[in-house]
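Novice: What would the 3D arrangement of this be:
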Amino acid sequence: MRRLPSLNGLRAFEAAARLGSFTAAAAELGVTQTAVSRLVRLLEARFGFALFERRPNRLALTTRGSLYQAGLSQAFDAIAGLTEQVAASQQGPVLTVGAGPTFAMRWLIPRLADFQKRHPDIDVRMTTGGLAIPFRDDWTCGISQGDGDWPGFVAEPLFAPDMFPVCTPAIGRRLQQPADLQGVDLLQVAHAPDDWPQWLAAAGVRGVAPRGPRFDYYTQALQAALDGVGVAIGLYPYVADDLAAGRLVAPFRVTVPKGRAWYLIYRPARAADPALQAFRGWLRDNALGQVDAARLPAG
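Specialist: So this is what the prediction gives:
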């Protein structure tokens, strides 16, 4: 049996913490400022410690209050999303997909029109975050890169990426051999500092240090490559469309396995969800096509 504090007290505290005042919380909840203050004090009395530091003209969260507010806001967001999904299910199936921003922008979203053409009855909702955000209960499924070990989830492999340099055709014409990279900017991704050293070692290149602009995400580095800023490390499937369209070229034939595959992940209780079943089938078709196409084209 769950022993929970007063739901009204939790709502009052979360709103006041998020908005920064009892007055703003009262306006959002449709009650008086006095009621919000009283509910928060009752909650603090139950815990035996303060959640706020009451300062003139403003509230400041204590350390415990800050930790509690972060979890409560996420929980209320999940409840709101789940409520919306259940309500929408009366009208038709809903597919909520969580994915990292680069995967979403550079592979999934450009192909969503095909999915919607095949399944026009499914209401598709995209949210980004991937592994940076804990998997939310209101998501139908997620697509993440990893080793396939997500306890409590089903993880189905989609494709494993290879990495290799990519650049505009104009820059590519100047790169006859890997050592020529010494003369261009090598675009880097902050959370993947080993990409360039691994590829350069595999290509047998010595004396070339990765120097150039650094970006938070692959999508930013690849956009810089498209704009002619320098040479980026491309991953299948991130660069598949740009290579096929000739916007980017792969000047060398050397590829290095990234070592972490993309997986479709979902909770076992979702397995019979008709929207998920349709998405799984569509993903499998596209993933197999991606693997077949992932032979590095001639530079």
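
Novice: which stretches of the stretch 151-299 of the chain aren't confidently modelled?
Specialist: Within the stretch 151-299 of the chain, the segments meeting pLDDT under 70 span 288-299.

Novice: which residue ranges form the strands in it?
Specialist: Applying DSSP state E, counting those that start in this stretch to the stretch 151-299 of the chain gives strands spanning 154-159, 162-166, 186-189, 214-215, 231-235, 256-257, 261-266.

Novice: Out of the ones you listed, which is the most enclosed?
Specialist: strand 231-235 (a mean of 27; mean count of other CB atoms under 10 Å). Where C-beta positions appear, they are placed from N, C-alpha and C, glycine not excepted.

Novice: Taking strand 261-266 as reference, get the angle to that one.
Specialist: Computed by axes from the mean of the first three to the mean of the last three CA atoms, to 10 degrees, the angle separating strand 231-235 from strand 261-266 equals 50 degrees.

Novice: Who are the packing partners of strand 231-235?
Specialist: strand 162-166, strand 186-189, helix 195-202, helix 218-226 (3 or more CB pairs under 8 Å, 6 or more residues apart in numbering; DSSP states H and E).

Novice: re earlier: of all the strands of the stretch 151-299 of the chain, which lies closest to E28?
Specialist: strand 261-266 (33.3 Å; CB to CB).

Novice: give me every residue that touches the closest residue to F279 other than its chain neighbours.
Specialist: Leaving out its chain neighbours, the residue that sits closest to F279 by CB to CB, 6 or more residues apart in numbering is L95, at 5.6 Å. The contact partners of L95, by CB atoms under 8 Å, 6 or more residues apart in numbering, come to I122, D123, V124, R125, T140, C141, A275, L276, A278, F279.

Novice: okay, now the last one: neighbour count?
Specialist: The local packing count at F279 equals 23, with neighbours defined by other CB atoms under 10 Å.

Novice: about what we covered before: can you put the helices and strands packed on strand 231-235 in JSON lines and add distance to L4?
Specialist: Shown next, in JSON lines, are those (distance: least, CB to CB, whole Å):
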{"stretch": "strand 162-166", "distance to L4": "48"}
{"stretch": "strand 186-189", "distance to L4": "43"}
{"stretch": "helix 195-202", "distance to L4": "46"}
{"stretch": "helix 218-226", "distance to L4": "41"}
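
Novice: The ones you listed: which one's closest to E14?
Specialist: helix 218-226 (33.0 Å).

Novice: follow-up on the earlier one: please name whichever of the helices and strands packed on strand 231-235 is nearest to G81.
Specialist: helix 218-226 (25.0 Å).

Novice: what about that closest one, distance to the chain center?
Specialist: Centroid displacement of helix 218-226 relative to its chain, using CA atoms, centre = their mean, to the nearest Å, is 17 Å.

Novice: export it as PDB, just CAs?
Specialist: Taking Å, rounded to 0.1, in the frame of the first residue of the first chain, the C-alpha atoms of helix 218-226 are listed here in PDB:
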ATOM      1  CA  TYR A 218      26.600  15.500 -34.200                       C
ATOM      2  CA  THR A 219      23.800  17.400 -35.900                       C
ATOM      3  CA  GLN A 220      25.700  20.700 -35.300                       C
ATOM      4  CA  ALA A 221      29.000  19.400 -36.500                       C
ATOM      5  CA  LEU A 222      27.400  17.900 -39.600                       C
ATOM      6  CA  GLN A 223      25.600  21.200 -40.400                       C
ATOM      7  CA  ALA A 224      29.000  22.900 -40.100                       C
ATOM      8  CA  ALA A 225      30.400  20.300 -42.600                       C
ATOM      9  CA  LEU A 226      27.500  21.000 -45.000                       C
END
